[in-house]
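> Give me a model of this one.
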Amino acid sequence: MKIIILVVMIALSGFLVADEVYPILNQKEVRDEYLSNYGVVRALDLKGSIICYAIAKESGDIIAATKFEDKEVLSYIALNGDIIWTKELDCSSVDISDDGGIVLMQNSLEYYESEYFVIDKKGNIIHEAKLWKKTYRLSPDGRFFVLQDCAMWGGLNEAVIFDHYNEKHYLPLEENYEIKSATMHYIGYDKLIASFSPKYDEKSFVCFQFKDGKFKQIWSKGKEYSNVGDTFNNAIKSYQNWTGINSYNHEFRLLNNETGALLYEWDGAVLTWAISQAGNILINSDSLLYLSQDKDMHYNLTPIYSRIKFCSLQDFCEIDSNYFINVNTGGTKNDFDAMLYTEGEMYILHTKYYARKANNRDYLIEVNLREGSDIVIYRKGLD
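Residues are numbered from 1 along each chain as shown. Have a look, this model is predicted:
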């Protein structure tokens, strides 16, 4: 009997493993089969391995930190592939403003201390400082920092935002809170959403607008968004005039940025979700769902594939009818960094892809995190 059970278990495990394995496509296969309308602008070998990188949403400029032997180098790369400047700086994370004008480089030190450098597009260091138990995220216009993470007990206990020089700018709250913790996220150039926790079991969801040099509270929500919690910055993304959010209870909502009003709601087992540059959405649930908006501003949800197991979706870009899906593999056993969904089939990739539109032209940036530090820049229509 034990032998029979063992055989059944082995057989079942084989089915389970087979269900989770997808065919692999290499860079050349992707380029030849699915990027035939794109030509290579520049292929870069930065030497070493990529530690971290960021790509400007509007200009497409790239900031990348690489490590070769014992040396770490920060490189600023224009969308045409030119390396504008390099600096030898130890780096843990990078961020870049949407127009590529400001770079934020941060490095984690010992005992919860970190340092940061603010650098302009020409490579000038505008400001540098050491901080205790804090890391920042850059606002889209590069003007402000918002708190990204605090180590241990060093949570933010006041409603503030910071400028390049780490000076506080207080956010005007229309209600009085004894703030125990706060998490913030920019939605577009002029709006900031903050999740405040006045008490352990209560939260307030507040949106501020930066206009005429000042912050102003424009709307707030209470218990209806109380379950966002610690995953706030991973659960919220925005596009033009709406913001999407999913909670611990798996509800998925689209909110109007101006009023906080509910535009769309879907109650299902949302494991993770991603947004494309075109504003369409993939929801990884009991199946992979594609959410899009029609010409009458109605939202349509279409199942397109079985659930992608053990994958946290980051974002995706739509190239013709193909979806290049970047995934966050941190903490998992996945040996891939992206997936390609095309014509009902799913493939795994060792490279990530990012679509950008600049100077009225479509670009695609390929980042290889596993086999060297290659960055390839494509342009649509380039022979």
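
> Only C-alpha atoms from now on, for both contacts and neighbour counts.
Will do.

> So, low pLDDT: which residues of this protein?
1-20, 133, 149-157, 177-178, 180-182, 197-203, 223-234, 248-249, 329-334, 371-373 (pLDDT under 70).

> Run through the helices of the stretch 101-250 of the chain in chain order.
For the stretch 101-250 of the chain, the helices defined by DSSP state H, counting those that start in this stretch cover 232-235.

> Just the strands from it, written as ranges.
Assigned by DSSP state E, counting those that start in this stretch, the strands in the stretch 101-250 of the chain fall at 102-108, 113-120, 125-132, 134-138, 144-150, 160-163, 168-170, 181-186, 191-199, 202-211, 214-221, 236-239, 242-246.

> will you turn those strands into TSV that also has mean neighbour count and distance to residue 335?
Listed next are these as TSV, based on neighbours: other CA atoms under 10 Å; distance: least, CA to CA, whole Å:
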stretch	mean neighbour count	distance to residue 335
strand 102-108	23	26
strand 113-120	19	30
strand 125-132	14	34
strand 134-138	22	28
strand 144-150	18	27
strand 160-163	17	38
strand 168-170	14	42
strand 181-186	22	30
strand 191-199	21	34
strand 202-211	20	37
strand 214-221	16	40
strand 236-239	19	26
strand 242-246	22	27
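
> wait, which of the ones you listed is closest to residue 48?
Nearest to residue 48 among these is strand 102-108; the distance by CA to CA comes to 18.5 Å.

> Geometric centre of this structure: which residue is closest?
The chain has residue 314 as the residue nearest its centroid, 5.6 Å off, counting by CA atoms, centre = their mean.

> got a list of what that one touches?
273, 274, 275, 325, 326, 327, 328 (CA atoms under 8 Å, 6 or more residues apart in numbering).

> from these, which single one is nearest residue 252?
residue 273 (9.3 Å).

> That closest one contacts residue 313, doesn't it?
Yes: shown here, residue 273 and residue 313 form a contact pair, counting by CA atoms under 8 Å, at 5.6 Å.

> okay, the angle between the host helix or strand of residue 263 and strand 242-246?
Per DSSP states H and E, residue 263 falls inside strand 262-267. Using axes from the mean of the first three to the mean of the last three CA atoms, to 10 degrees, the direction of strand 262-267 lies 20 degrees away from that of strand 242-246.

> Just checking: what are the partner strands of strand 262-267?
Sheet pairing for strand 262-267, assigned by DSSP bridges, gives strand 251-256 (antiparallel).

> What would the strand it pairs with look like as CSV? C-alpha coordinates only.
Extracted in CSV, the C-alpha atoms of strand 251-256 (Å, rounded to 0.1, in the frame of the first residue of the first chain):
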residue,chain,number,x,y,z
GLU,A,251,-10.6,43.1,-3.7
PHE,A,252,-9.3,45.1,-6.7
ARG,A,253,-10.4,48.7,-7.3
LEU,A,254,-9.8,51.5,-9.7
LEU,A,255,-10.2,55.0,-8.2
ASN,A,256,-10.6,58.4,-9.8
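
> Please point out which parts of it sit buried.
Buried residues in strand 251-256, counted by 16 or more other CA atoms under 10 Å: 251, 252, 253, 254, 255, 256.

> So residue 308 belongs to a strand, correct?
No: Residue 308 is assigned coil when assessed by DSSP: H, G, I helix; E, B strand; the rest coil, not a strand.

> quick one: it from residue 113, how far?
37 Å (CA to CA, to the nearest Å).

> before we move on, the earlier item: from the contact counts, what lies against the very next helix or strand once past the strand holding residue 263?
As assigned by DSSP H and E, the chain's next helix or strand after strand 262-267 is strand 272-275. Applying 3 or more CA pairs under 8 Å, 6 or more residues apart in numbering; DSSP states H and E, we find strand 272-275 packed against strand 281-284, strand 312-319.

> ok, residues contacting the first one?
Contacts of strand 281-284 from elsewhere in the structure, counted by CA under 8 Å, 6+ apart, are 270-275, 288-292, 307-308, 313.

> looking at these, which has the most residues close by?
Scoring the contacts of strand 281-284 on neighbours with other CA atoms under 10 Å, the highest-scoring entry is residue 273 at 26 neighbours.

> How about it, nearest residue that isn't a chain neighbour?
residue 283 (4.4 Å; CA to CA, 6 or more residues apart in numbering).

> Same check on residue 170?
residue 160 (4.3 Å).

> can you redo the contacts of residue 314 as JSON lines with distance to residue 92?
Formatted as JSON lines, the contacts of residue 314 follow (distance: CA to CA, whole Å):
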{"residue": "273", "distance to residue 92": "25"}
{"residue": "274", "distance to residue 92": "24"}
{"residue": "275", "distance to residue 92": "25"}
{"residue": "325", "distance to residue 92": "24"}
{"residue": "326", "distance to residue 92": "21"}
{"residue": "327", "distance to residue 92": "20"}
{"residue": "328", "distance to residue 92": "17"}
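
> Can you name the residues that contact the residue nearest to residue 57 when sequence neighbours are not counted?
Counting by CA to CA, 6+ apart, residue 57 lies nearest to residue 98, which is 4.8 Å off, once chain neighbours are set aside. Contact partners of residue 98, counting by CA under 8 Å, 6+ apart, are 56, 57, 58, 59, 140, 141, 142.

> same check, this time on residue 141
97, 98, 99, 189.

> closest to residue 360 among the residues you listed?
residue 99 (14.8 Å).

> re earlier: a markdown table for the contacts of strand 281-284, including distance to residue 335?
Listed next are these as a markdown table, based on distance: CA to CA, whole Å:
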| residue | distance to residue 335 |
| --- | --- |
| 270 | 23 |
| 271 | 20 |
| 272 | 19 |
| 273 | 20 |
| 274 | 20 |
| 275 | 23 |
| 288 | 20 |
| 289 | 24 |
| 290 | 25 |
| 291 | 28 |
| 292 | 30 |
| 307 | 18 |
| 308 | 14 |
| 313 | 15 |
